[in-house]
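> when you get a sec, could you give me coordinates for this:
(chains A and B)
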There are 2 protein chains.
Amino acid sequence: MEYTRLWRNYDRTLNSTINKINIISDITIRNEPLIISAKTELMGAFTQLIENSVFAFNENPVGYEGFSIRLTVDEALGKESYDVSSAEKFAVIKGGDCAGVLYGTFAFLRNLRLLGKFEEFSENVSPAAPLRMLNHWDNIDGSIERGYSGRSFFFNDDKIIVNDRTEAYARAAASVGINAVVINNVNVRGNARLLVTEKYLDRLKALGEVFARFNIKLFLSVNFGAPKFVGGMDTCDPCEPSVGEWWAERAKMLFENIPNFGGFLVKADSEGEAGPFAYGRDHADGANMLARAVAPYGGIVIWRCFVYNCSQDWRDKTTDRAASSYASFAALDGKFDDNVILQVKNGPVDFQIREPVHPLFGAMKKTNLMCEFQIAQEYTGQQKHVCCLIPMFKEILDFRMYSGAAHDTVGDIVCGKAYGNKNCGIAAVANTGDDKCWTGTELAAANFYGFGRMCFDSSLTAEEIVSEWCGLMFNDKAADVVREILMDSRTAYEDYTVPLGLGWMCKPATHYGPDPMGYEFDRWGTYNRADRNGVGVDRGPDGTGYSLQYNEPLRTVYSSPETCPDELKLFFCRLPYDYVLSSGKTLIQHIYDAHFEGYERAEGFAKAWEQLEGEVEPEMFANVKARFEMQLKSAREWRDIINTFFYRFSGIPDEKGRTIY
Amino acid sequence: MEYTRLWRNYDRTLNSTINKINIISDITIRNEPLIISAKTELMGAFTQLIENSVFAFNENPVGYEGFSIRLTVDEALGKESYDVSSAEKFAVIKGGDCAGVLYGTFAFLRNLRLLGKFEEFSENVSPAAPLRMLNHWDNIDGSIERGYSGRSFFFNDDKIIVNDRTEAYARAAASVGINAVVINNVNVRGNARLLVTEKYLDRLKALGEVFARFNIKLFLSVNFGAPKFVGGMDTCDPCEPSVGEWWAERAKMLFENIPNFGGFLVKADSEGEAGPFAYGRDHADGANMLARAVAPYGGIVIWRCFVYNCSQDWRDKTTDRAASSYASFAALDGKFDDNVILQVKNGPVDFQIREPVHPLFGAMKKTNLMCEFQIAQEYTGQQKHVCCLIPMFKEILDFRMYSGAAHDTVGDIVCGKAYGNKNCGIAAVANTGDDKCWTGTELAAANFYGFGRMCFDSSLTAEEIVSEWCGLMFNDKAADVVREILMDSRTAYEDYTVPLGLGWMCKPATHYGPDPMGYEFDRWGTYNRADRNGVGVDRGPDGTGYSLQYNEPLRTVYSSPETCPDELKLFFCRLPYDYVLSSGKTLIQHIYDAHFEGYERAEGFAKAWEQLEGEVEPEMFANVKARFEMQLKSAREWRDIINTFFYRFSGIPDEKGRTIY
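Next up is the predicted model:
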């Protein structure tokens, strides 16, 4: 779908005879940029929704023949919150602030389109996560690390792009409630290191102005080594006053010039990036130094917890990458400044299709935490395979950490409900690029949409979110088909790739397609250690001890194959091929069944889509059809290679006699 | 060693009191370019060999106090042949032609340096292989495909380089008897396709002039698709007269302008390159069309037999890449023009450390054949590992094909002795780049040197060749040490990487370092099919049938594990891990022993080299020492990963209890 439209696909005519729209806004907010955005959205929408639409502004609605919309602020609602109520001829969009009005406007239009006509409805929502953030891994040369949707629309050839696409993106993000965007890759290389200097200030300012009109804070990823690389200093020691002063100057320049500037995202002492360790300092020293630099402006420092030894010797069976993030950070609980947020990946390793929830969420009660998801489908099919991640994200957000608080799901923790943190939130690595439809396969847009909605309105189930998106994108027939595909897609992908939580059987160079031993003798700490007797790594108390990082009762559950849930069996345990799972199947038969049946389900998706020819726009039909062809080709390789791999080791044939090569 | 010196390291002073050298040449040849090169070489050499050297030319030597050298031609000797005889005060360098004089001059200087003083010796040699060729896989942008010695010295940034290095290279090549050089990669991409046009003619002419002074024919790799890509034609059909005419024009232009132009090398219908198949024609149609274009000028077309399906499905167990080259060419025997030479790789797959000899050598009696070796160490350690290939090459050249002729070793066949072909020879993919020493590790120069010597003088054993090189490069102590390292290096490499002829356990992307399953599920037709029961592919009559491509008795020998030699066991057979080899060891124990002992031998090489500090030039010492560190690091990975891989499958422990991870 054309990038300006996306799920704001207003061109299906509303079922109404009304063609006059009166937009009334409080005089105090009438000229606020966010309110202007709301009104612009309404006008653009109704121009398409209603034939021969006519607009009036701020007239007294009483007796008026058309449909009237009132935009108003009531601070009692709370920041960014909205209360929308609509009837057949009149709607009130009330915001806790102007941002709330803008979000309410998008909510009003969403409901209106899903209903298809003017009728009574109401919706009252306060955003769940304070920060609802997209992390773009865009490089300043225009490439995107782990990008599967074309090139960057923020950067090209060491320049910042600000054009109609920038605004289309900000609108799209705001329409689902995103309020913070990191525009550049956490690996800050080349000229991206100069984003904190005067060189890019004018363009960042222009970008910030666009973002500000959509209530989006602009964040930059920064390189901890910048004082040396950029500032010409001879140290980056966070405890050296001159280093703090250098950063304070950078912050001052950025905050004073860029509208809606939010702060910094930092990947430090991770995968070769610079950090405080070189100076004998810890993560808290590093993060707090930057936090002090941005504090005067209400800025925030987001510090990633993705820290592990990426030069592991495969011979070493005691080091466990899964355990390293907790080991690096848990003891620092309480040592971070109030405006530091630790960004913790949803699982302990790296965005695999199935991982346990990261144990740090249950371990740092006195620290602001943020959950980092990845909608860029790095390990989940690279926007060729359909893989709707919202059910997985919701599972994780609904997962209890047993840390002692009354409400302590991951969602409670990162939304500030568990321990009352104000600075927290949810982030996702973005899946967008300059593709016409933003996201490779059009179906991946459901992850963009769903991520925002999920962060904003925690009452929604995954199915509700997916249904919403389908309702906005498709006619009823197609919506039903696509909803089923999407809801089933994650477990299908899991089944035909690497089930049971084993992970890491993809090709190391691309993270796409199967290579079951590709990581086995490499330095990444991601081993399956398959042999003729069994597979997996024992992460229980007699193994690497990783399971001990969880609170009870999780600790006990994860410490033994008898209690460990099947779907994580091979994450936590090393098991023989004839081990009987809780399902009653042997391990090896589960592997075979999952691969054969997962592939069949993928075939089913492709066939179901085929039947939508004529029901969806031709260009979208072709886009998704082509991706399904790629998916099936790849899924067949996954099925056959993983089955063959385990058959060669186990020697145990498939009970059902299906072909294993 | 500085690139101008190499094994022509003349600066060790000759043990002599003579300092006057009289060079006398026949009046008829005195001003021939090749004779001028010979005289220049002599003057340059003696300037360094003798302190305060003084030269005289063409004076009557009788009674002359110095040392006199006579350069003379006697056609009865035969083309490129020489007869050198020397005494304490006088030497005669007789050539069958001027080229023979030049080669004789290098032979004279070699003997002189090895002896270290003027004394009686004689050497009379006719070159064994008519064409003694180096194939450079240099790309026109300056990169080198499978280059491990820096960048190209022929090309940079789409330009041809002709400078002092060009002459140094031509001297080096001529000094070991090379008489033909293909300057560009067989994969002819980008602007390299324009080498057959006017665009590069001036530079090729300059290059050809340098080559001509050293008796080197200049060949170009050409793209069979050039009539379309370059000529703007709508076909490349070799049976379409206009295509032949286009090539004839190209040939005319090249031969009439470039001194010593030799012809074309063609990779067609291979790994995606264009070829005659697209037009329903066969290799003979394609090669003969080009041959007719170059025939008027005595030109030659070299057509590569490296043809296989590079999009194989790993599930397909009937297709055998090893069998494909024979299958494509054997039936075409007798169909190629006299000035076509088929270039056949030494083994049927692709330059692995151990392969059987290519069966085509025993199958095409009515066709000119050329053997293609690879001194670029693509699969043999990439000029980080020491791996002297001369013993392997000699093994292959000495191998009988049982094709019916009285003399039918591979060497006999490619040197024209088996069936009386005039157009044949030996080629090697070059291992040079713009490294200061040409070849990555200095020790790899032994392969360059040895390849040339082996092609020229077939009477030499591998040990004699290696001894020569060591004698020219090192003092006596170092020469002894390095000779032992070199002679032992190939089997050490074989042992700690992939013994028993299995091959292909390297990393697919780089061909360096171990990845035992890296090719297993890929499209390259190179599978080990290891499982818990055994390893290898049955290429006998009950398997893929590849062994049937050999003449008896080889056919029978290779068709059964009982008769197949151990070193090729896993090339020809699929065997269980407890199979007892001819050596008496089980297969698995051989694998373990080879890896442990091969690594120990590599350690021994490194230690032996360490002891040469002060005995070899410091720069060379450091160069080789650094490479040995890389070799040991890599060899340790090979040892442990391959052992672990087979232990995981077999479950059989090492009899000697060494550590397998």
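
> and residue A:228, what does it touch?
Shown in contact with residue A:228 (C-beta atoms under 8 Å, 6 or more residues apart in numbering or on different chains): A:234, A:235, A:236. The C-beta positions use only the backbone N, C-alpha and C, and glycine is treated the same way.

> and it, which of the three is it?
Three-state call for residue A:228 (DSSP: H, G, I helix; E, B strand; the rest coil): helix.

> what is the burial count for the closest residue in space to residue A:37 that isn't next to it in sequence?
Using C-beta to C-beta, 6 or more residues apart in numbering or on different chains and skipping residues adjacent in sequence, the residue nearest residue A:37 is residue A:213, 5.0 Å away. Residue A:213 is flanked by 21 other residues according to other C-beta atoms under 10 Å in any protein chain shown.

> quick one: residue A:213 and residue A:34 touch, right?
Yes. With contact defined as C-beta atoms under 8 Å, residue A:213 reaches residue A:34; the gap is 6.8 Å.

> how close does residue A:202 sit to chain B?
Going from residue A:202 to chain B by C-beta to the nearest C-beta, to the nearest Å gives 35 Å.

> neighbours around residue A:325, how many?
Neighbours around residue A:325, by other C-beta under 10 Å: 25.

> right, I mislabeled it, should have said residue A:57
Counted with other C-beta under 10 Å, residue A:57 comes out at 12.

> next one: it, what pLDDT does it get?
Here, the pLDDT recorded for residue A:57 equals 91.

> secondary structure element for the closest residue to residue A:654 other than its chain neighbours?
Among residues not flanking residue A:654 along the chain, residue A:592 sits closest, at 4.6 Å (C-beta to C-beta, 6+ apart). Using DSSP states H and E, residue A:592 sits within helix A:587-610.

> distance between that helix and the chain's centre?
26 Å (C-alpha atoms, centre = their mean, to the nearest Å).

> tell me the mean pLDDT for it?
On average, helix A:587-610 scores 98.

> CA atoms of that helix as PDB?
Output in PDB follows, covering the C-alpha atoms of helix A:587-610 (Å, rounded to 0.1, in the frame of the first residue of the first chain):
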ATOM      1  CA  LEU A 587      11.700 -34.900  21.400                       C
ATOM      2  CA  ILE A 588      12.700 -36.100  18.000                       C
ATOM      3  CA  GLN A 589       9.100 -36.800  16.900                       C
ATOM      4  CA  HIS A 590       8.200 -33.300  18.000                       C
ATOM      5  CA  ILE A 591      11.000 -31.900  15.900                       C
ATOM      6  CA  TYR A 592       9.800 -33.900  12.900                       C
ATOM      7  CA  ASP A 593       6.100 -33.100  13.400                       C
ATOM      8  CA  ALA A 594       6.700 -29.500  14.000                       C
ATOM      9  CA  HIS A 595       8.700 -29.200  10.700                       C
ATOM     10  CA  PHE A 596       6.300 -31.100   8.600                       C
ATOM     11  CA  GLU A 597       3.200 -29.500  10.000                       C
ATOM     12  CA  GLY A 598       4.700 -26.000  10.300                       C
ATOM     13  CA  TYR A 599       5.600 -26.200   6.600                       C
ATOM     14  CA  GLU A 600       2.100 -27.300   5.800                       C
ATOM     15  CA  ARG A 601       0.700 -24.400   7.700                       C
ATOM     16  CA  ALA A 602       2.800 -22.000   5.700                       C
ATOM     17  CA  GLU A 603       1.500 -23.700   2.500                       C
ATOM     18  CA  GLY A 604      -1.900 -23.100   3.900                       C
ATOM     19  CA  PHE A 605      -1.200 -19.400   4.400                       C
ATOM     20  CA  ALA A 606       0.000 -19.000   0.800                       C
ATOM     21  CA  LYS A 607      -3.100 -20.900  -0.500                       C
ATOM     22  CA  ALA A 608      -5.500 -18.800   1.600                       C
ATOM     23  CA  TRP A 609      -3.900 -15.600   0.300                       C
ATOM     24  CA  GLU A 610      -4.200 -16.900  -3.300                       C
END
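
> coming back round to it: run a quick neighbour tally on the residue nearest to residue A:654.
Quick note: residue A:592 (other C-beta under 10 Å) scores 25 neighbours.
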